[in-house]
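Next one to model:
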Amino acid sequence: MESKILAEIGVDPAIILIVMFILIVVLFFMVINANMKYIRLKASYTSFMKGKDGKTLEESIFERFDELDEVTNMALKNRQEIRNLQEDLLGTLQKVGILRYDAFSEMGGNLSFALTLLDGNNNGYIINSMHSREGCYNYIKEIVKGESYIELSEEEAESLDRAIYQELAGLDLGNMKK
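Numbering: from 1, shown residues only. The predicted structure follows:
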């Protein structure tokens, strides 16, 4: 059986048959691949919808949205509480400066000390304890915003500087010698 159209074009019918066979094989594999994807999608959908109808699924989604709203509100509340705690901490003693010294050169032993206790706003007190043979004398001076209205001794001023600038200087409180 010969075709006048194919003879006019000059194409052998065997070539057309081979090309069509290859095309059918390629299409067959594409159908199998699409079918496998469909089966996986159907299995995922079935496990997702297992035991749920459309109405209960919608209720579950709204419950999750409510839970998200609750979590958001709790996070906002926690942030405000943290801010309040940070403000409260400014009033607590946070900075310490101490300096041991020999108040009276004849005594020796560095038994005197100046102790500075400050809050986060650099308000607090300097306690100066001077030791001598006759006794021990203690003095306290108030510090407001890092300054004293009463004149400070050299040791008290250094103790105050240690307290204020302890983060910058990396002050080790274990090392109290001048």
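
And the chain, what are its domain boundaries?
1-50, 53-89, 93-169 (automatic domain parsing).

mean confidence score for the first one?
Mean pLDDT, domain 1-50: 86.

what does stretch 97-114 give?
79.

buried set for stretch 122-137?
With burial defined by 16 or more other CB atoms under 10 Å, the residues of stretch 122-137 counted as buried are 122, 123, 124, 126, 127, 128, 129, 130, 131. Just so you know, the C-beta spots here come from the backbone N, C-alpha and C atoms, and that holds for glycine as well.

repeat for stretch 12-25
Within stretch 12-25, no residue is scored as buried using 16+ other CB under 10 Å.

Remind me which helix or strand the residue most central in space within the chain belongs to.
Central residue of the chain (CA atoms, centre = their mean): residue 79, 12.7 Å from the mean position. Using DSSP states H and E, residue 79 maps to helix 54-89.

which parts of stretch 150-167 are buried?
Here stretch 150-167 shows 152-153, 155-164, 166 as buried, counting by 16+ other CB under 10 Å.

Adding secondary structure, pLDDT and distance to residue 89, write the residues you listed out as CSV.
Listed next are those as CSV, based on DSSP: H, G, I helix; E, B strand; the rest coil; pLDDT from 0 to 100; distance: CB to CB, whole Å:
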residue, secondary structure, pLDDT, distance to residue 89
152, coil, 84, 26
153, coil, 85, 30
155, helix, 86, 29
156, helix, 87, 26
157, helix, 88, 26
158, helix, 87, 26
159, helix, 86, 22
160, helix, 86, 21
161, helix, 87, 22
162, helix, 87, 21
163, helix, 86, 16
164, helix, 84, 17
166, helix, 76, 16
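
Can you pick out the most distant pair from the residues you listed?
Taking CB to CB as the measure, those span a maximum distance of 19.7 Å, between 153 and 166.

thinking residue 102 is in contact with residue 110, fair?
Yes - between residue 102 and residue 110 there is a contact under CB atoms under 8 Å: 5.2 Å.

Against which helices or strands is the host helix or strand of residue 130 packed?
For residue 130, the element it lies in under DSSP H and E is strand 124-131. Counting contacts by 3 or more CB pairs under 8 Å, 6 or more residues apart in numbering; DSSP states H and E, strand 124-131 packs against strand 112-119, strand 136-144, helix 154-164.
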